[in-house]
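A.B. asks: Build me a structure from this.
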Amino acid sequence: MAERIELTFLGTGSAIPTKRRNHPAILLKYKNENILIDCGEGTQRQFRKASLNLCKITRILITHWHGDHTFGLPGILNTLRLNGYSGQLKIYGPEGSKKWVRKYLDLVGRRGEDLDLKIVEIKDGIVFEEDEYFVEAKEMDHDCPAVAYSFVVREKNRLDREKLKKLKVPNSPLLGELAKGKSVKIDGKKIDGKKLLYKEEARKVCVIMDTRINENAVKLAKGADLLICESTFSKEEGKELLENRAHLNSVEAAGIAKKADVKGLALIHLSQRYEGIPKVILKEAKEVFESVVVPEDLDRVVL
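C.D. replies: Coordinates of the predicted model:
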């Protein structure tokens, strides 16, 4: 059974929170990773509502330093400190991130001496990587330094546990050889590892927050199983604000999904104007890209 990517939408609103939608925040869980992507005001309470353990966060990815995406960070850092968070917390973000984290620590009257923080400023490229997965970033076009992220689980070969069970292969170091496709002898019987392997396809989740339409968004989202994308405006409202806005409308977000050939699209960062009528955004997006949803706060998706 493949390890699953679990996503929890902690906040699906935008600059002004509503009764229905909190500021943007997403928790991505994969194996021992618990990656928080943005953390608007109230995010730590959303953790409680979702029955998630804040102290299990391993990394925080910041798309940009506007308040609706980051005002929850001082509270999160303070809560981690008060709960004796013992690991190293890695915070990634665009240019200026070190300065902003310093300011946020000052807000809670701390210099960070009781938290092991590692702040990494990024632009384009691999943010971090492990054996089985990595995170990539690309710069976006907003009115401040901004990036978007993709979390990618690499394609790999896995042993078929049912076949192992039928062949009565014991749990031993020889499993490592079989996993490499080699042949081994067990109780005098030759077992061909190649016949026990199956390919687990790569999986990809892309998160694009505040930005104007740009080619980097399509490149980063290419082939994603799920694209989570901002859709602040409706099509018509977006036209009226065309000269000044630094956000995507429903049709532009759907257009990115179509060009990038993603499997599914989730639209968040909805303006408060759509508090009671998110179907407006959904209907417009579906005219361009069929496989689209508008998640609610605390919804979960497993890939």
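A.B. asks: now the helices: where do they sit in the chain?
C.D. replies: 43-49, 67-70, 73-82, 97-107, 161-166, 174-179, 215-221, 235-240, 250-260, 279-286 (DSSP state H).
A.B. asks: mind checking pLDDT for residue 28?
C.D. replies: Looking at residue 28, its pLDDT is 98.
A.B. asks: Just give the number of residues close to residue 39.
C.D. replies: When neighbours are counted by other CB atoms under 10 Å, residue 39 registers 31. Every residue, glycine included, has its C-beta placed from N, CA and C.
A.B. asks: my guess is it contacts residue 60, does it?
C.D. replies: Yes. With contact defined as CB atoms under 8 Å, residue 39 counts as touching residue 60 (6.5 Å).
A.B. asks: shared neighbours of those two, which are they?
C.D. replies: 73, 76 (CB atoms under 8 Å, 6 or more residues apart in numbering).
A.B. asks: Using PDB, list the CA coordinates for stretch 109-124.
C.D. replies: Taking C-alpha atoms only, stretch 109-124 is exported to PDB below (Å, rounded to 0.1, in the frame of the first residue of the first chain):
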ATOM      1  CA  GLY A 109       8.900  39.300  22.800                       C
ATOM      2  CA  ARG A 110      11.400  36.600  21.900                       C
ATOM      3  CA  ARG A 111      14.700  36.400  20.100                       C
ATOM      4  CA  GLY A 112      14.200  32.800  19.000                       C
ATOM      5  CA  GLU A 113      16.700  31.500  21.500                       C
ATOM      6  CA  ASP A 114      14.200  28.800  22.700                       C
ATOM      7  CA  LEU A 115      13.300  27.600  19.300                       C
ATOM      8  CA  ASP A 116      15.700  26.000  16.800                       C
ATOM      9  CA  LEU A 117      14.700  27.800  13.600                       C
ATOM     10  CA  LYS A 118      16.300  27.600  10.200                       C
ATOM     11  CA  ILE A 119      15.100  30.200   7.700                       C
ATOM     12  CA  VAL A 120      15.800  29.700   4.000                       C
ATOM     13  CA  GLU A 121      15.100  32.300   1.400                       C
ATOM     14  CA  ILE A 122      14.300  30.900  -2.000                       C
ATOM     15  CA  LYS A 123      13.500  31.800  -5.600                       C
ATOM     16  CA  ASP A 124      13.300  29.100  -8.400                       C
END
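A.B. asks: Would you mind giving the domain segments of this protein?
C.D. replies: 6-155+201-302, 157-198 (automatic domain parsing).
A.B. asks: Could you pull up the mean pLDDT of the shortest one?
C.D. replies: For domain 157-198, the mean per-residue pLDDT is 74.
A.B. asks: Can you say which of the domains of the chain is packed in most?
C.D. replies: Among the domains of the chain, domain 6-155+201-302 has the highest mean neighbour count (mean count of other CB atoms under 10 Å), at a mean of 19.
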